[in-house]
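# what's the 3D shape of this:
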Amino acid sequence: MKKILEVRNLSKTHGHGCPKCVSSTGPDFDTNVCPHCGSIVAAHDVSFDLHEGEILGIMGESGSGKSTVVKTLFFDDKPSSGKASFHQQTQTHDLFSLNPAEQRWLRNHCFGMVYQNPNLGLNFNVSAGGNIAERLLMNDLSHYGEIRQRARELLARTEVLSNRMDESPKQFSGGMQQRVQIAKALATRPPLLFLDEVTTGLDLSVQARILDLILEIQQELKTAMIVVTHDLGVIRLLAGRTIVMKYGRVIEAGLTDQVLEDPQHAYTQRLVASAL
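Okay, the predicted model is just below:
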């Protein structure tokens, strides 16, 4: 299986930082806030690989650093240190050394992001179809009829009725907004998709439909995905491999079945036990 993403020693500290930040924070100290300077060590020394068509889960409680990882990879946030390489056919991109224009090109053409909060992923001033059109226009599709047809197909694929295509996402339920976000993210058939707590706050029946949709997309398009969640049910259903984070550190990693059936770290054991 072809490797699509390599992440090595990814770290992010909010604040000025000091020489004692790393040695004074983390799971052993039950905090990611440096007691000496007040900086927040959001992520430290995170490394993993992702292969074509694979779903990697990043699991942890709020403040564990899991969302920080995807935000840096999607260029929403700048890392403090580390390296990430994205492999695109014959090209390799060193993500953190790209200029802003190169980063925008990758975001628009090769990456997709579905946020927990649809306000971050959707433009509420245009229609559902218009949101998809914005992304298609960035990818050199300019024929009006073709754009509407592609938007209609994508919304149908994500179970949004075509007669609602011209409505604002403001008028949609939370589950519908997430489906429009997924349709928008898929508009360019990106090889890499980031999903940040996409089912949080949704009804169980809506969650189930969205998770089924994500699996269908992965199998049909061979899209690689990083799924960030605190929900063990989501991890169990979607992810082949899982990373567990606490206070900015990776404390356990491996095949999802192994991590959930035989957790080695006490924190993972508690997480699994609390979900039973």
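# span of stretch 105-120 from start to end?
Length of stretch 105-120, first residue to last, C-alpha to C-alpha, to the nearest Å: 19 Å.
# residues of it that come out buried?
106, 107, 108, 109, 110, 111, 112, 113, 114, 115, 116, 118 (16 or more other C-beta atoms under 10 Å). Where you see a C-beta, it was placed from the backbone N, CA and C, and this is true even at glycine.
# per-domain residue ranges of the protein.
Segmentation of the chain into domains, based on automatic domain parsing, reads 3-110+191-275, 124-189.
# what's the least confident stretch among these?
Lowest mean pLDDT of the domains of the chain: domain 124-189, a mean of 88.
# from the chain's centroid, how far away is that domain?
A distance of 19 Å separates the centroid of the chain from that of domain 124-189, by C-alpha atoms, centre = their mean, to the nearest Å.
# follow-up on the earlier one: would you list the buried residues of stretch 105-120 in a markdown table and tack on secondary structure?
Shown next, in a markdown table, are the buried residues of stretch 105-120 (DSSP: H, G, I helix; E, B strand; the rest coil):
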| residue | secondary structure |
| --- | --- |
| 106 | helix |
| 107 | helix |
| 108 | helix |
| 109 | helix |
| 110 | coil |
| 111 | strand |
| 112 | strand |
| 113 | strand |
| 114 | strand |
| 115 | coil |
| 116 | coil |
| 118 | helix |
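# need the max-distance pair from those.
Spatial extent of the buried residues of stretch 105-120 (C-beta to C-beta) is set by the pair 109 and 116 at 23.8 Å.
# could I get the full set of strands for the stretch 51-200 of the chain?
All strands of the stretch 51-200 of the chain, identified by DSSP state E, counting those that start in this stretch, fall at 55-59, 81-88, 91-94, 111-114, 192-196.
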